[in-house]
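S.K.: Make a model of this:
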Amino acid sequence: MIHECNAVAADRRASHFFKKLCLSFCQTVVSLFILRKAKRKNKKVGTKMENNKNKKNSEDLKSRNKKQVHLFYCMECEELARKVAAHSQLITLQSINWRNFDDGFPNLYINNAHDIRGQHVAFLASFSSPAVIFEQLSVIYNLPRLFVASFTLVLPFFPTGSFERMEEEGDVATAFTMARILSNIPISRGGPTSLVIYDIHALQERFYFGDHVLPLFETGIPLLKQRLHQLPDADKIVVAFPDDGAWKRFHKLLDNFPTVICTKVREGDKRIVRLKEGNPADCHVVIVDDLVQSGGTLIECQKVLVAHGAAKVSAYVTHGVFPMRSWERFTQKNDEGSEKGFAFFWITDSCPHTVKAIGNTAPFEFLSLSGSIADALQI
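M.R.: Numbering: from 1, shown residues only. Got it, this is the predicted structure:
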């Protein structure tokens, strides 16, 4: 009997011990689970804090790497320069006294020359005619010598770009001549000059420049794409190229739009524009090219597109050169009716004299390069 009681008591003690052991084990497991969960949470918080810290450090680094740029400009580009400066507090406008001696040669003075030592300097140029090129080159050659940290030349329109090849012995490729002149800009303390050009006529012209300049070729096409998406008939847009050269130049930048390609064929002594491929029927067709001079090709393309059923025809060129006020041709409707004229004609402000001459005349609309130039000055 006594042995049985001792056995029962032992069993109870064992059972009680086992229960305590199980409870202790469960508490330990729960504690470890909570501790592990807390560690994971702390790790996530720590990672998030580290990411936020890295992001902040990256933003601070970017902010520190932003350049305070002193922007000089030619007289033609004053309005564009003010628009560029309005895009960024890091751009400060500087001035030059543009005067002439009695014999007509330039009498120039760069204001605040001492203050720009060790600073990042840029010049906004416009080579709109041979008459203004020499005075601007005189300034362009002098600015890097003023002990500046770096020098950037912004030449939105490279004027001789369409004269880049020889067809027979005796032809002068003036695009190469201009590139050689710009390639000899003196090196600043920061190294070679950065040269910003928009939609140069032929990309192979980058190889015309020497090692003393770093050409940066930008484009105005993003401005056009932004404007096209704002149109009420944006889903009906078709992009047309007036020739194979324009297609090669721009089609990759506009590959999200259906395309039409025109071509020029010879018929006797005349060059006739024909539709090569694509269907413009019932669409708003936008002709895209790098520049326009007399505008004859664009007008012929417009007629061909209308004849093939285009609902509306507009045009875009980065550089509206328009010698002899040839832009006036686009303000007049042709003989087929007023609905057959150009709905829109978009150009950038790369040629300031054209902006001033055209003003608010329909169908023209200006897309400013100012924001893009402000961004390029930070590269």
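S.K.: Now do the helices in the stretch 101-250 of the chain.
M.R.: For the stretch 101-250 of the chain, the helices defined by DSSP state H, counting those that start in this stretch occupy 130-142, 174-183, 221-229, 244-250.
S.K.: In JSON lines: the ones you listed, plus mean pLDDT.
M.R.: Shown next, in JSON lines, are those (pLDDT from 0 to 100):
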{"stretch": "helix 130-142", "mean pLDDT": "97"}
{"stretch": "helix 174-183", "mean pLDDT": "94"}
{"stretch": "helix 221-229", "mean pLDDT": "97"}
{"stretch": "helix 244-250", "mean pLDDT": "93"}
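S.K.: could those helices go into JSON lines alongside mean neighbour count and distance to Leu291?
M.R.: No exception for glycine: its C-beta is placed from N, CA and C like everyone else's. Shown next, in JSON lines, are the helices of the stretch 101-250 of the chain (neighbours: other C-beta atoms under 10 Å; distance: least, C-beta to C-beta, whole Å):
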{"stretch": "helix 130-142", "mean neighbour count": "16", "distance to Leu291": "18"}
{"stretch": "helix 174-183", "mean neighbour count": "18", "distance to Leu291": "13"}
{"stretch": "helix 221-229", "mean neighbour count": "16", "distance to Leu291": "14"}
{"stretch": "helix 244-250", "mean neighbour count": "18", "distance to Leu291": "10"}
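S.K.: can you redo those helices as JSON lines with distance to Phe157?
M.R.: As requested, the helices of the stretch 101-250 of the chain are exported to JSON lines (distance: least, C-beta to C-beta, whole Å):
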{"stretch": "helix 130-142", "distance to Phe157": "12"}
{"stretch": "helix 174-183", "distance to Phe157": "11"}
{"stretch": "helix 221-229", "distance to Phe157": "15"}
{"stretch": "helix 244-250", "distance to Phe157": "15"}
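S.K.: Out of the ones you listed, the one nearest Tyr198 is which?
M.R.: Closest to Tyr198 of those, according to C-beta to C-beta: helix 221-229, at 9.8 Å.
S.K.: Against which helices or strands is the closest one packed?
M.R.: strand 284-292, strand 342-348, strand 364-367 (3 or more C-beta pairs under 8 Å, 6 or more residues apart in numbering; DSSP states H and E).
S.K.: Kindly compare burial across these and name the winner.
M.R.: Among the helices and strands packed on helix 221-229, strand 284-292 has the highest mean neighbour count (mean count of other C-beta atoms under 10 Å), at a mean of 24.
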